[in-house]
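> give me coordinates for this.
(chains A and B)
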There are 2 protein chains.
Amino acid sequence: MHIELKRGSSTKLYVQIALTLADRIRSGLIEPGARLPSVRKMTTDLGVSLVTVSKAYAELEAIQLITCSQGKGCYVRGAQELEKSEDMERTHRIQAKNESSTPWNWQMALVDYLPRAQLWRHFDASPQVRYELHMSAIQPELLPTREIIDSAYRLSSDLPERMAAYGSFQGDRELRQTFSGHFAERGLRVMPERMLITSGAQQGIDLVARTFVGPGDVVYMEAPSYTGAIDVFTSRGAKIITVPMDDDGMRIDLLTRLCDTYPPKLIYTIPTFHNPTGITMSAKRRAQLLNLAQSYHCLILEDDPFADLYFRDPPPASIKSMDGTGHVIYIKSFSKVLSPGCRVACAVADGSVLTRLVAAKSTADLGSPLLTQKALQSFIQHQYSAYTARLRDELYSRLLAASTVLEEHGSPGMYWTLPDGGLNLWLQLPDGLDMRELHRQSLAAGVSFLPGSACYVGETDTASLRICFTVTNQELLCEGLRVLCRVIKNITPQQGGATADRLPLI
Amino acid sequence: MHIELKRGSSTKLYVQIALTLADRIRSGLIEPGARLPSVRKMTTDLGVSLVTVSKAYAELEAIQLITCSQGKGCYVRGAQELEKSEDMERTHRIQAKNESSTPWNWQMALVDYLPRAQLWRHFDASPQVRYELHMSAIQPELLPTREIIDSAYRLSSDLPERMAAYGSFQGDRELRQTFSGHFAERGLRVMPERMLITSGAQQGIDLVARTFVGPGDVVYMEAPSYTGAIDVFTSRGAKIITVPMDDDGMRIDLLTRLCDTYPPKLIYTIPTFHNPTGITMSAKRRAQLLNLAQSYHCLILEDDPFADLYFRDPPPASIKSMDGTGHVIYIKSFSKVLSPGCRVACAVADGSVLTRLVAAKSTADLGSPLLTQKALQSFIQHQYSAYTARLRDELYSRLLAASTVLEEHGSPGMYWTLPDGGLNLWLQLPDGLDMRELHRQSLAAGVSFLPGSACYVGETDTASLRICFTVTNQELLCEGLRVLCRVIKNITPQQGGATADRLPLI
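Residues are numbered from 1 along each chain as shown, chains lettered A, B, ... in the order given. Down below sits the predicted model:
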């Protein structure tokens, strides 16, 4: 097994090894039951001392991620095994036997560049449950899928030859023209030439990272932040520095001070109805942030999936709308609001920053499918405004319903702020709550949520979680929340943090 | 401007600087008319001596990529300027003025990680011409677009809620089930669990690279090879080593000797109807290649877009079909054969190699759109075999027509081999032909082609080009080829290579 070690770093080598392994185990890239390389093998692979590897393994054992026994080696524990540890040895013996007989054991030694995959862990590998509150999405029945399918059919039937050709890497020209009008209504004047269609905001973030962020580059983001963005910047080897938030969004005063010491390459922000907290950055802070970027000649990546989903007043103008110097890359996703199945987002950028993103898009996938682009075009042009107006009312009523349940059934020490828009509600829980146990019991009771730790760079234990109040119907939402509140009540805050991380997870 | 310099490399620093700048200029990332940073500024930025930068700029001037004048600085030349160099000074004065007034001058200093974008340069930024022979694709009128659109509509109308949800990161289960039957007919037995749906083969290659290839990792590939794959591996910082081919494909004997010195991390190959040469690797070599990968514990990336487009006998079985140890990642694209507008390909892999690719896919874009996956499912299940049988006949007759034109109008010194399948024809031209001039004149006469240099890692000047004989109708194809032959005749081989590269482009 290979681990990228930073020698001369202030983080000790054994901690670096333990952190990396912990991350791979938690994200599921090293599976429960897998046998870790022997201490001796690891020593040779990494060119470190026996003591270093032994200390790393001891740390992992102390936080109960692995279990070691003399002569048998170290194995990754699973949720199951934690419960019935008496069976552990037997299980391991079986698994070790199965393992040695598979022909792809050699793959364990294959180095990869995938240090974090929380997105995959929480959203694809998660079990099916009755009350799905972990996924930030809109209940399918509320989406205009029928209209979108019909309009895709109409447009593509009229132009079958065009559908058969490779599209432009930059995205369909007519769709970009449509977006131009759409953005203008929202105070952002932008010509189609300045846009790039991406496969969802996730790909937009990924393209920006692969183009502009490399090993050691400093990326600032809010803490907590969007899991998928953390995965992306981590995989590029960025030095990620997180900035706390208050009710007005990212603390620009703290950011400014940090920038003096660590000049930024890129600042990633979700200024409007922030994911996961729901906080909106004030207009004043937006201007300050742009100013800062101009001083430091760095980029701002403004991720804006929720701006049209406000419950009272429209949010402040986007940072991009104030940007006359090409410092802001703006990404607006239409996946969540219109059609997760179509995966369409639009990035707006200027000058060579845009050119370079288009070139990166060509390397990544030769351009997004034309069919899905055509599918959204007509709807956005003609029906989007009326649709979002209705949607806002519906989503807001769900938020109020969720709030009522929480007020009635929530435990003391739980608190939350109702967001002014978006799909997510961020819950702070009593300090010291065993979040792993809560997650396990909650899933067992049929309720999924996103553990707060997935929204932090170091996956620090944090007594918080995100639920989405728009993904199930209102009845299931309220039932699910009642079940969740009951599970939370039943978990007593732990003493001294027996299973909590001892590792300094940044 | 920042350039990643490898100090202590056997390539001198000034050559590294010149090569990087040449690449950015040729790919269009630094645009014609742009002013390069001053020698003094570059010296500071890169931490090298004045002499080093001066020598690099002198090299670029010698190969006529830039033009420098005392006191005014160095500017990137454009095609236009090469023609009328008397206007050059005036042009520069205007451009310099325009430039200093744009607000995004600061972007010049923004480091990126995009060292090569030939794909973008040749396929998106290329001008519209009457005879488009550069793009490897099938004439839209031959594709079953109507049927695909209809089946997408039927399937999605039946399941609007499903279309509204996020799909699985790994790809639609039913489509993977369909692929399972499809592959079985071709001697590849694979369960849906071992597949990952990607947005075209391009994304598949990109996912493999971002997961398993990092700076300095050794990647082998055929020379020449697919432009898009070269872009991808270059952008990962791989050490790319190319292996010559003969009539049986990649020279495994040479590869074996190279591997002794540079152990491989990954071997990329297009064994069937290779792009651009059309060569098919023999069954014996396929087995040898697999053997080699097993000895070196490295991965093979088998890119297989054309296997169903054979003109006489079906090609040898895929390397993946012989792989019992999980060394091969197999990617089959359905983009070219069925629908470039849908961008669907299927990757097949085993063990943790697959798991890691799925995790990378989640980070890249959360999974491919469901709509396009559904669009292909029914067609592949029911109509694919009959469709490809008809298509093969049609494509073969075009190849024969193209061959007739070339035999009649080709110049002495031009030679080519008719491929047994696929879409591409590789033409070798008389040595010493000025390829840049040919490309320019050919485009001016309305014929596009892919210059051979785009298929080589170092973009070496090479007297070869690729045309696609399936992208226009037969009449345009023959007309276009006649025009191309005439242009080739009119270009006299150059003496001593006045504008040829002097740089040791690997």
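> and chain A, what are its domains?
A:13-112, A:121-142+A:386-490, A:145-382 (automatic domain parsing).
> looking at the ones you listed, which is nearest to residue B:476?
Minimum separation from residue B:476 across the domains of chain A (Cβ to Cβ) falls at domain A:145-382, 14.6 Å. (Each C-beta comes from the backbone N, C-alpha and C, glycine too.)
> so for the closest one, mean pLDDT?
Mean per-residue pLDDT for domain A:145-382: 92.
> name the residue most distant from the centre of chain A?
residue A:71 (40.1 Å; Cα atoms, centre = their mean).
> before we move on, which element is it in?
Here residue A:71 sits in a region with no helix or strand, counting by DSSP states H and E.
> state the distance from it to residue B:421.
Per Cβ to Cβ, to the nearest Å, residue A:71 is found 57 Å from residue B:421.
> quick one on the thing from earlier: dump the domains of chain A to a markdown table, plus distance to residue B:361.
Listed next are those as a markdown table, based on distance: least, Cβ to Cβ, whole Å:
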| stretch | distance to residue B:361 |
| --- | --- |
| domain A:13-112 | 14 |
| domain A:121-142+A:386-490 | 9 |
| domain A:145-382 | 10 |
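> out of those, flag the one nearest residue B:348.
Closest among the domains of chain A, using Cβ to Cβ: domain A:13-112, at 13.6 Å.
> about what we covered before: what's the most buried one of the domains of chain A?
Most buried of the domains of chain A, by mean neighbour count (mean count of other Cβ atoms under 10 Å in any protein chain shown): domain A:145-382, with a mean of 22.
> gap between the two ends of it?
Terminal residues of domain A:145-382 lie 15 Å apart, using Cα to Cα, to the nearest Å.
> run the chain-centre distance for that domain.
Averaging C-alpha positions (Cα atoms, centre = their mean, to the nearest Å) puts domain A:145-382 14 Å from its chain's average.
> just the helices in the stretch 1-150 of chain A please.
Here the stretch 1-150 of chain A has its helices, by DSSP state H, counting those that start in this stretch, at A:13-26, A:39-46, A:50-62, A:79-83, A:88-101, A:118-123, A:145-158.
> alpha carbons of the second one, in CSV - could you do that?
In CSV, the C-alpha atoms belonging to helix A:39-46 read as follows (Å, rounded to 0.1, in the frame of the first residue of the first chain):
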residue,chain,number,x,y,z
VAL,A,39,3.8,-3.8,9.8
ARG,A,40,6.9,-5.1,8.2
LYS,A,41,5.5,-4.8,4.7
MET,A,42,4.2,-1.3,5.3
THR,A,43,7.6,-0.3,6.7
THR,A,44,9.2,-1.3,3.4
ASP,A,45,6.5,0.2,1.2
LEU,A,46,6.6,3.6,2.9
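> what's the helix or strand for residue A:167?
Residue A:167 is part of no helix or strand when elements are defined by DSSP H and E.
> please report how far the residue lying closest to residue A:138 once chain neighbours are set aside lies from chain B.
Counting by Cβ to Cβ, 6 or more residues apart in numbering or on different chains, residue A:138 lies nearest to residue A:470, which is 5.1 Å off, once chain neighbours are set aside. According to Cβ to the nearest Cβ, to the nearest Å, residue A:470 and chain B sit 13 Å apart.
> near chain B, which residues of the stretch 301-450 of chain A show up?
Selection of the stretch 301-450 of chain A residues close to chain B by Cβ under 8 Å from any Cβ of the partner chain yields A:324-326, A:339-343, A:350-353, A:355-356, A:358-360, A:362-372, A:375.
> mind checking which of the residues you listed are in helices?
Members of those lying in helices (criterion: DSSP state H): A:351-353, A:355-356, A:358-360, A:362-365, A:370-372, A:375.
> residues contacting the residue of the stretch 151-300 of chain A found nearest chain B?
Nearest residue of the stretch 151-300 of chain A to chain B: residue A:164, at 3.6 Å (Cβ to the nearest Cβ). By Cβ atoms under 8 Å, 6 or more residues apart in numbering or on different chains, residue A:164 lies in contact with B:140-141, B:143, B:145, B:339-341.
> from the residues you listed, which single one is nearest residue B:241?
So of those, ranked by how close each gets to residue B:241 (Cβ to Cβ), first place is residue B:340, at 31.1 Å.
> so what's the closest one closest to, chain neighbours aside?
Nearest residue to residue B:340, sequence neighbours excluded (Cβ to Cβ, 6+ apart): residue A:166, at 4.3 Å.
> then residue A:216?
In space, and not counting its chain neighbours, residue A:216 is closest to residue A:239: 5.7 Å by Cβ to Cβ, 6+ apart.
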